[in-house]
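Q: return a 3D structure for these sequence lines:
(chains A and B)
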Protein chains: 2
Amino acid sequence: MATLLLKPGQDVTPQAVEPASPVALFGPDEPLPMDAGGALAPWQIAYQTAGTLNAARSNAVLICHALTGDQHFAHRHPVTGKPGWWESLVGPGLPVDTDRYFVICANVLGSCMGTTGPASANPETGRAYGLDFPLVTIRDMVRAQGRLLDRLGIPDLFLCIGGSMGGMQVLQWAASFPDRVFAAMPIATGPRHSAQNIAFHEVGRQAVMADPDWHGGRYLEAGTRPAKGLAVARMGAHVTYLSEMALHRKFGRRLQNRDERTFSFDADFQIESYLRHQGSTFVERFDANAYLYLTRAMDYFDLAADHGGVLANAFRGTRTRFCVISFTSDWLFPTAESRAVVHALNATAAPVAFVEIESDKGHDAFLLDEPAMVSAARGFIAAAARERGL
Amino acid sequence: MATLLLKPGQDVTPQAVEPASPVALFGPDEPLPMDAGGALAPWQIAYQTAGTLNAARSNAVLICHALTGDQHFAHRHPVTGKPGWWESLVGPGLPVDTDRYFVICANVLGSCMGTTGPASANPETGRAYGLDFPLVTIRDMVRAQGRLLDRLGIPDLFLCIGGSMGGMQVLQWAASFPDRVFAAMPIATGPRHSAQNIAFHEVGRQAVMADPDWHGGRYLEAGTRPAKGLAVARMGAHVTYLSEMALHRKFGRRLQNRDERTFSFDADFQIESYLRHQGSTFVERFDANAYLYLTRAMDYFDLAADHGGVLANAFRGTRTRFCVISFTSDWLFPTAESRAVVHALNATAAPVAFVEIESDKGHDAFLLDEPAMVSAARGFIAAAARERGL
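A: So this is what the prediction gives:
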């Protein structure tokens, strides 16, 4: 009864495209209610774990991944062959210590790495959902993760941690399941998506939709992929993940393999070549419709609006302890956004630590080996573990 | 002998598409040397003027327009029907006073409003140049403007003024023609294009080139236009022209014509609808290849690199007086870029005023009715006029 992820030209056969990950299947009798209305059934969620759940089931850590991330936080990626995306923070002896905690990361609802999304087969038609897939919200993602924890027999989380869209999920976890989160670390995120961020996402979506190979979202049946449009979307987004300083230091105006300008539209500058590479490698591992859905989920995120316009209401009565982290050069989620979360938590008298980290690496700093972030995480998590008696 | 601008399906007939503007024609015996090598011939430059040249020919002002601007600085636009783009600064009684000065603005080389560019007919083939048009630099644009002034019998400029790419031209004027610029006002610009700016331009170019209707640049012969790709490019660029604050104030997360999210990919948010409108109106008035060429010209601009790596060398011995203006919320050309110009001018002991204007309107502030900019321009220009004896 598992939903399937379809590739162009692929028949609807009961074969998972993500054999590397365990998958929790939820049948027609276990529908997932969706914020857009109705419910999704059947559905499935793919995940990875590291470490061991203790007898008290009190040492579970949920990692929430970002927009184009996935569950391979500490394992070689089955498509790209790259190391896990958070090996700077998660592993034996690291702040999220896989020798001490049972660490879970699930591919978010609407994505394309084994969890049900727009590339999955619609049971009503046998074809890929495409745009018939219901719009997904951050709250839907968190609801699905909650069902996964139920399935795994995990009553509550010792720690919920994530950056960017992952951080939105962390905030939503604290709001949706106040009794199931002992400690929360939202990083490089905010309580809502800003107008500028919506604008950049909309440009990316329009780039995908402008590609005739997108076919109104039915490209899998057409045997195509909107690779060019998705690559453009990725290139544009990638610029926003860095900072002017990072780009200047990394590339500046340096020319590519040449001493002279070519006076052409070749990738003269190293930054151009880098961006083209970012675009072309991304399309090999990501589904275009999933990109549309997940950017939309971020755009829709507005925790205050969901709670009567008062952000503090989202956390009223919380017993979760928080560590909020921002980076000085992150212009996608500037410190002011984190500060808004901190102020809301202060208003509810929740225990909250706030660390603004001096970094010139932009938004993507949360994915990098930023010593100040690693050390803040180490301190906060160790203290929370002591409080939890771990 | 005029080169022609071709529209899709249009025959090569001696008919200008910009009947609203005077055009200076340069025949096969008057080639324009190009930085890319070789020379352009024949070529033409379309321009607009306001005011009257005095008997001493000493009151000429050259306005340099930005990337997607044109010569219609103070006249109704023949395509869009909109008022002149700099009517906040230029007109009777305004700082650039058309009652006192003879004001000229020419469509830049490589553009598409009457001056020779990639949509012009290549005399060797009778077809539009397309990508056979030589790459254009800011210095080429300025060289062409110099030839126009020669033609008009204007020995030198009282004032050269412009914002963004127009500001680059102003700086290049001071460097290329140190004896022909009495006063210079580069606004919201810099001495070179940053890595981040090159990156955003490259994303836009890739969006155009990804559109199958671009046809490798030969879309006019194919009877198409890469409208979708160009619209995406414009949408992305437009976000960079504003500021997060401006977007937040203007749009925030307000929904479009609805109280509720539609849970679809419709333009739910006002910012989305606004951007789509920006994209679709732009493609009606602008040539896609011209967009490629002009973005490339900005990317290539590096005044220091052209002068042995030392920016001050570009202005060595200058007698021009400068007024450099930046805006606090301009993240495309942040104040640091203007400051680099000011420091270089200081190093040459040139007279220079520097005004950083507090504004939350982003890069596009230079196009708006910013009282502080208008007043700075009024003071600087009036003082320069007194020095010039005007």
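
Q: where does chain A have low pLDDT?
A: Low-confidence segments of chain A (pLDDT under 70): A:1-19, A:258-259.

Q: could you chop it up by domain?
A: The record's domain parsing of chain A by automatic domain parsing lists A:23-192+A:304-388, A:197-295.

Q: closest one to residue B:99 among these?
A: domain A:197-295 (40.8 Å; C-beta to C-beta). Backbone N, C-alpha and C define where each C-beta goes, glycine included.

Q: reformat the domains of chain A as JSON lines; add mean neighbour count and distance to residue B:83.
A: Compiled in JSON lines, the domains of chain A are given as follows (neighbours: other C-beta atoms under 10 Å in any protein chain shown; distance: least, C-beta to C-beta, whole Å):
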{"stretch": "domain A:23-192+A:304-388", "mean neighbour count": "21", "distance to residue B:83": "33"}
{"stretch": "domain A:197-295", "mean neighbour count": "21", "distance to residue B:83": "26"}
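
Q: can you redo those domains as a markdown table with distance to chain B?
A: Shown next, in a markdown table, are these (distance: least, C-beta to the nearest C-beta, whole Å):
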| stretch | distance to chain B |
| --- | --- |
| domain A:23-192+A:304-388 | 4 |
| domain A:197-295 | 4 |
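
Q: quick one: closest of those domains to residue B:37.
A: Of the domains of chain A, nearest to residue B:37 by C-beta to C-beta is domain A:197-295, at 7.3 Å.

Q: out of the domains of chain A, nearest to residue B:21?
A: domain A:197-295 (28.2 Å).

Q: how about the secondary structure of residue A:136?
A: With DSSP: H, G, I helix; E, B strand; the rest coil as the basis, residue A:136 sits in coil.

Q: which residues sit in contact with it?
A: A:34, A:36, A:108-110, A:117, A:293-294, A:296-297 (C-beta atoms under 8 Å, 6 or more residues apart in numbering or on different chains).

Q: try residue A:51
A: Per C-beta under 8 Å, 6+ apart, neighbours of residue A:51: A:59, A:97-103.

Q: the same query, at a cut-off of 7 Å, please.
A: Applying C-beta atoms under 7 Å, 6 or more residues apart in numbering or on different chains to residue A:51 gives the contacts A:98-99, A:101-103.

Q: same question for residue A:118.
A: A:110, A:128-131, A:133, A:289-290, A:293.

Q: redo the residues you listed as JSON lines? Include distance to residue B:164.
A: Output for the contacts of residue A:118, formatted as JSON lines (distance: C-beta to C-beta, whole Å):
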{"residue": "A:110", "distance to residue B:164": "39"}
{"residue": "A:128", "distance to residue B:164": "44"}
{"residue": "A:129", "distance to residue B:164": "44"}
{"residue": "A:130", "distance to residue B:164": "41"}
{"residue": "A:131", "distance to residue B:164": "38"}
{"residue": "A:133", "distance to residue B:164": "42"}
{"residue": "A:289", "distance to residue B:164": "37"}
{"residue": "A:290", "distance to residue B:164": "37"}
{"residue": "A:293", "distance to residue B:164": "36"}
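
Q: quick one: distance of the lengthiest helix in chain A to the chain centre.
A: Ranked by residue count under DSSP state H, the longest helix found in chain A is helix A:371-388. Counting by C-alpha atoms, centre = their mean, to the nearest Å, helix A:371-388 is centred 22 Å from the centre of its parent chain.

Q: out of the contacts of residue A:118, which sit inside helices?
A: Short answer: these in helices (DSSP H) are A:289-290, A:293.

Q: residue ranges for the strands of chain A, please.
A: Per DSSP state E, chain A carries strands over the ranges A:23-26, A:32-33, A:39-40, A:43-50, A:60-64, A:90-91, A:96-97, A:102-106, A:157-163, A:181-187, A:321-327, A:352-357.

Q: for residue B:139, find the nearest of the ones you listed.
A: Of those, nearest to residue B:139 by C-beta to C-beta is strand A:321-327, at 39.0 Å.
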